[in-house]
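1. Okay, here's the prediction I keep looking at, along with the sequence it came from:
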Amino acid sequence: MGFDFLEGKRLTEDVALDETMAWNEDVMMLDLHLVSTSALMGIVHKVSYDLLSRYLPDDYTAVVVESCVRHVKAIPTGTRVAVGVRVIGVTGNRVKFRGIVMSGDEKVLEAEFIRVIVSRNYLRRVALEKAEKTPGFFGI
C-alpha cells in the first residue's frame, strides 16, 4: 500500500489550553500556570493523528517515532491557540510532518516529526509478545 498521496495534506484546529496542560516540574513556578512543552507537543501529535485517520484504512494506525520541537514562547493555560500540521514528506510508510502552534500572530511552538503507518494487528501482536516475555507487564 502506498501513502505518497498524503504529501501536502494539512489540518488546522483551534485548541483551548487547560490546567491539565500546566508545566509542573518546578513546583515553585506552578502559580504561573504556564503550558508545558510536552503538552503542546501532544496536541500537535494529536492533530497529525486526526489528519491521518481521515485517510488510513481502519486496520492501520500511525505512531510517532521521532520528534524535534522548539518551544519559542511561554503561554498560560486558559489560552486558545491554532495548531497546524502539514505532511512535508512520505517515504514508504514513514510520514514526515511540520507542525506549529500559534497564539494570534505569535509563534508558540514549532516541530518536525515522523509517524510510521503500521497495522493495528501488528501492534497488538508485538504488545502481547512483549507482555508474555516481561513479568508484571500490563499488570500480569
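-> Looks like it came in fine.

2. what about the nearest residue to residue 25 once chain neighbours are set aside, neighbour count?
-> Nearest residue to residue 25 in three dimensions, chain neighbours excluded: residue 36, at 7.7 Å (CB to CB, 6 or more residues apart in numbering). Where you see a C-beta, it was placed from the backbone N, CA and C, and this is true even at glycine. For residue 36, the neighbour count with other CB atoms under 10 Å is 17.

3. Next one, pLDDT for residue 36 please.
-> Note for residue 36: predicted pLDDT of 96.

4. Report the contact partners of it.
-> Residues in contact with residue 36, defined by CB atoms under 8 Å, 6 or more residues apart in numbering, are 21-25.

5. Any buried residues in stretch 17-28, and which?
-> 17, 21-23 (16 or more other CB atoms under 10 Å).

6. chain center to the longest strand along the chain: distance?
-> In the chain, with assignment by DSSP state E, the single longest strand is strand 106-119. Its chain's average C-alpha position is 6 Å from that of strand 106-119, according to CA atoms, centre = their mean, to the nearest Å.
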